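# Generate a structure from the sequence data that follows.
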Amino acid sequence: MGRAGILVAGLVGLGACADPVVDLSFTSPAPAFDDTSCVTSVELYAAGKTYPVDPRDFVGTTVQVDHPPTYADLIAALRGKFDVPVPPTGLGAIEVYGWNGDPSWDQQLAPSELVFYARTPYDGDDVNLQLIPNVSCKRSTVTVRPLDLVGFITGNYQCAAGAIPDGVPPNKPFADLGTFAPVLYLDDQVRYFGGKSRGDVVGGVATIEGPTTVGPGSCLAIGTYTGTQDAIACARTAGICGHPGELEVAVLPDDFIVPMDPSATYSRAVVGGVFSTMRTPVAGAKVEVDPTEAKVAYLDLDVATKTFKIVSGQATSASGLFVVYTNKLVDVQVTSNGKVAGVQVGSIGDDLVAEYLATTIVVMP
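As a prediction, this is how the structure comes out:
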């Protein structure tokens, strides 16, 4: 096995044996995201031509960096640091990931924040990778209000009935910040990256300081963990019970059953509720998604059996409940009485992370 080329003047060389060196250059994201001051490690993967069918067909390496302030500084810091052989099957694609912390693909490891990512198939020529921002390193303080959706519904739609109690040590509920971002080497999965920034739930809210500016392919997501109501979902401003300036995220009890897609086209589900500004469920609301990326069904809640049940119809029933089946991050549009509201939803779960229930709330104007 011969040595691969190395990063010179902003280029990374990849090669093996008698193969020619592949020059790889990076292009920075838009100026709005030009903050890499929290980046401490960068991964580079050379994926073989049989990856991910053969999950072992890749070669990767990680380079440690010391909080470079901008993408230009980051690229300069990587110069001459990579030396990556091409897999024996040949070069199928190149991937790059930048982290605040050590690479964290498995939620059992110490959580890290994914700052940027990129992937491109290899077509035989030199490669320029457009780095895609997942978050900016700029941090701000947010107040997160988790809402127990079942408690809210069964408590006559009172916010107090859906509030998450403080708990007592060592079982104090907490929330953390992260993102839903696409898994680049798969077309149909979203993963939660984050958990490094967290705060205990006190008085029904958690105060968290962390990155909140997310890239165009991601959503700001909140994980909520009570031990019996663990969920990760895209964040919503205010929502149904949140106060002005707060982020709200709904959670479901872990022992409630959410029906899976009857067609088995999609393996993920997001439970949603449509409510008026008076906090009452909205019947007759039509929920629409891109039919090539998701599908919708309407639900009722059977509290006795702890089951969300699919009901027939083309709009919400008196419960105001629905479910979106998708494996991606998708936009949802809700129409009721000529008024329109929209949310973004996603759900996770694969062989590297636990599967958490995902929820959303839509408040009709």
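
# Can you mark which positions in the longest strand seen in the chain are buried?
With DSSP state E applied, the strand covering the greatest number of residues in the chain is identified as strand 190-202. Judged by neighbour count using 16 or more other C-beta atoms under 10 Å, the buried positions of strand 190-202 are 190-199, 201. Where C-beta positions appear, they are placed from N, C-alpha and C, glycine not excepted.

# Could you tell me which strands that strand is paired with, and in which direction each runs?
strand 174-182 (antiparallel), strand 205-211 (antiparallel) (DSSP bridges).

# hmm, back to that, using CSV, lay out the buried residues of strand 190-202 together with pLDDT.
CSV is the format used below for the buried residues of strand 190-202 (pLDDT from 0 to 100):
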residue, pLDDT
190, 84
191, 86
192, 88
193, 90
194, 89
195, 89
196, 92
197, 94
198, 94
199, 95
201, 96
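
# which among these gets closest to residue 330?
Nearest to residue 330 among those, counting by C-beta to C-beta, is residue 190 at 9.4 Å.

# wouldn't that closest one be in contact with residue 329 here?
Yes: the pair residue 190 and residue 329 qualifies as a contact (C-beta atoms under 8 Å) at a distance of 5.3 Å.

# what is in contact with the two at once?
For the pair residue 190 and residue 329, residues contacting each of them under the criterion C-beta atoms under 8 Å, 6 or more residues apart in numbering are 180-182, 346.

# hang on, the earlier thing: need the winner for burial among the strands paired with strand 190-202.
Among those, strand 174-182 has the highest mean neighbour count (mean count of other C-beta atoms under 10 Å), at a mean of 25.

# Give me the mean pLDDT for that strand.
In this model, strand 174-182 has a mean pLDDT of 93.

# repeat for stretch 144-161
In the prediction, stretch 144-161 has an average pLDDT of 96.

# Buried residues, that stretch. List them.
Neighbour counts using 16+ other C-beta under 10 Å place 144-153, 157, 159, 161 of stretch 144-161 among the buried residues.

# Quickly find the element holding residue 298.
If you go by DSSP states H and E, residue 298 is part of strand 294-302.

# Provide the strand pairings for that strand, with the direction of each partner.
Strand partners for strand 294-302, identified by DSSP bridges, are recorded as strand 307-311 (antiparallel), strand 321-326 (antiparallel).

# Just the CA coordinates for it, please, in CSV.
Extracted in CSV, the C-alpha atoms of strand 294-302 (Å, rounded to 0.1, in the frame of the first residue of the first chain):
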residue,chain,number,x,y,z
ALA,A,294,-43.8,11.6,3.9
LYS,A,295,-47.4,10.6,4.4
VAL,A,296,-50.1,11.7,6.9
ALA,A,297,-52.7,9.9,8.9
TYR,A,298,-55.2,11.2,11.5
LEU,A,299,-55.5,10.0,15.1
ASP,A,300,-57.6,9.7,18.1
LEU,A,301,-56.3,9.0,21.6
ASP,A,302,-57.5,6.0,23.6
